[in-house]
Each structure stands twice: as C-alpha cells, then as structure tokens.
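Asker: Below is the sequence, then the predicted model.
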Amino acid sequence: MAIRVSVGQFRELHDEDLAFARQIGASGVGINKPNLDSPAWTALLGKQFPASAAPRAPMQRWEAMDLINIRTYVENAGLTLDCIEGVPRNFIEKAVLGLPGRDAQIENFHYTLRSMGRAGIRILGYNWIPDQVWRTTRSGVGRGGAKVTGYDHALAEPVRSGALPPQSEAQMWDNYSYFIRAVLPVAEEAGVTLALHPDDPPVPELDGVARIMRSPEAFARALAIGDSPNHGLNFCMGCFAEMGPTEVYEGLERFGRAGKLVYVHFRNVTGPLPCFAESFVDEGATDVVRCLKILRDVGFDGFLIDDHVPHMVGDTVWGHRGRAYATGYIKGMVRVLEALG
C-alpha cells in the first residue's frame, strides 16, 4: 500500500510539534488555516513588527517566501508538508457569500495559489462552509470519560443570529460556481490541487444560510462544475458518516474509483444525523477497517489525517494524547493490510 499517515490540525508550528509528529510515526503534517499575522507565525518567519509602527491591515494572501520558509522548517525536521487545510476566513468569506469585494478576494486567492506553487506546496484543502463548523456541545462524554464534541440538530436548527446575510441553496451554488471556475485555471497553472471538504454538520441550512456540500450528489455536482485533474475531495469520513449509515463506504468507493480522493480525514462518529458525537477511531458507527480496505482496493495513494479526536485524561488543547492514539491505531491497520497483501 502507498498510503501515508500524516498528522494535522496544527494552527501553529513549533519544534516540539514536529518532534511529536515524528515520534508517533507520522510521515508528514498538515497545517490548518494558518494565520500568518499571529505572533507565533511572525516569530517563526522572522518578521518584525515594531510596536511603534502603524497598525497593519490583516493579511489577505500568502507570499511565496513565507510558504517556502514553512515548508523548509517542516522538511528540516524530517517530515513533509503534505497540505495546507484551508485559508483564513477573511481570505474567502465574501466569495462564499457572493458579497461585494469577492472579485478582489478571488484575485488574492489566485496570488496565494501561485505562491503555493512556487513554494512547492501542492495541496490546498478548502470548504464552502459559510459560518464555520457547528457543535451544540463541546463537553460531551466519550469512552472512559474522554471529552468529545457533539451536535443535536433540534438545538441548532432554531438559531438565528443574523450574523450573515440569508443565502438560498441556489445562491450558494451560484457563488460556488463563480468561484471554482475562476480559480481552477490558476490552480492548474500553479500545479496545486484543491481538495473540497464537506459541510460539518451536513444539514440543509443553519442560521439562515444554506449549506450545500452535504451529500454525495452535491460532491458529484461540485466536481462536475469544477472539472479538473487539479480538483478533488478532502474526504472527511466523519462528515460522510454524519450523512447516513452507508454514505462513507459508498463515497470512498465512488470517488476513489473516479480518482477524486486527494486525502482523507480518517475519523469516526457515533452515528448519523440528527444527532452525533465524536468518538475514538475504533468505536464509532463506521467500520474503519472496511474503509481502509476500500481505499486499498481503489488504489488510493494519498495520505490519512486523524483530524478530530477525543480529549483524553491529561491532554492538551491540541490533543496530543488523543492524536497519538488515533495515529498509532491507523498506522497499525495500514501495516496489517500491507502484510496481508
């Protein structure tokens, strides 16, 4: 098997993070929506912003040299920078919602894609989630008292904050078509592959805004609109399991045979909507061994990331213990399937 195991959800990077990734046997890392304006990233990149200087506007795009420095930092630790998972919200929010200023954001997105290409970073995950991931509890109790997040649609559905302009499903598809048709030619030119993540939770609407990436048919439609060898899926097993009891297996088979699996969030949940909770990788509703066999059979040669994990006793905010457990479990399964042939 050519499947690699990576570790992700890094909002920042430190020497200890990379050492930990090596110690648990990951071959690479993914970084998640890095805010290169933050103190941690400016320190890593060696940038100086004196207190006496005038306030800077938030960064709207990434520079190639910053990305080169991040990539070499990871590689000097003996790892690969497998992907960047998403851009900061202010890079893309007007494009997602079809608001004035979206063309400027798309131009900046072009610049970011070219910067990634010049830096040799070949995968950019992205989503079309209008207002972030929703959870109705962050203090759920999992196996042995582990802390897990959960979602109950009956609690979330009535919420109307008015924070975003209402958007119908047709409007969200129009916004998506406009964006993906504008950016894919530049992604192809830059040698960068875009990997689309599902809505989480995959429900029709939240807070007055339609959520369109919520079913296998929606992904087929998105990939038809954005038809390119540089466009595929960040296949989140948790989100597909939230859609229904068989969608994760059928989706891996369908999009794997089509060559559209860029990488996989290899995680588990307790069951499909209307209610679910995060779980340890070995105990949720999804048969993860079956999933790995499907990936082998369709010839998947990308990488797996643990993504969300329960917080174990004595864990950190990032979840070092939960991620060590998940990554070790995934690596063990991959090794067994390799041995069995």
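Answerer: Received, thanks.

Asker: only C-alpha atoms for contact and neighbour calcs from this point on.
Answerer: OK.

Asker: Show me the shaky parts of this protein.
Answerer: Scanning the chain for pLDDT under 70 picks out 1, 49-55.

Asker: Quick one: residues contacting the residue nearest the centre of it.
Answerer: By CA atoms, centre = their mean, the mean C-alpha position of the chain lies nearest to Glu85, the distance being 4.8 Å. Contacts for Glu85 (CA atoms under 8 Å, 6 or more residues apart in numbering) come out as 30-33, 124-126.

Asker: Ok, Thr137 next?
Answerer: Thr137 makes contacts with 149-151, as judged by CA under 8 Å, 6+ apart.

Asker: Would you map the helices across the stretch 151-300 of the chain?
Answerer: Along the stretch 151-300 of the chain, the segments classed as helices by DSSP state H, counting those that start in this stretch run 153-156, 169-190, 216-225, 237-243, 247-257, 288-297.

Asker: Burial check on the closest residue to His153 other than its chain neighbours, number of neighbours?
Answerer: Spatial nearest neighbour of His153, chain neighbours left out: Pro274 (5.3 Å); criterion: CA to CA, 6 or more residues apart in numbering. If you count neighbours by other CA atoms under 10 Å, Pro274 ends up with 15.

Asker: Kindly report the same for Val133.
Answerer: For Val133, the count of nearby residues is 10 (other CA under 10 Å).

Asker: go on, Ile106?
Answerer: Ile106: 20 surrounding residues under other CA under 10 Å.

Asker: Can you tell me the element it falls in?
Answerer: helix 102-119 (DSSP states H and E).

Asker: re earlier: quick one: closest of the helices of the stretch 151-300 of the chain to Ile3.
Answerer: For Ile3, the closest of those is helix 288-297, at 8.1 Å, according to CA to CA.

Asker: Contacts for that closest one, please.
Answerer: The contact list for helix 288-297 (CA under 8 Å, 6+ apart) reads 1, 248-249, 252-253, 256, 268, 281-282, 333-334, 337.

Asker: That helix: which residues count as buried?
Answerer: Neighbour counts over helix 288-297 (16 or more other CA atoms under 10 Å) mark 288, 291-292, 294-296 as buried.
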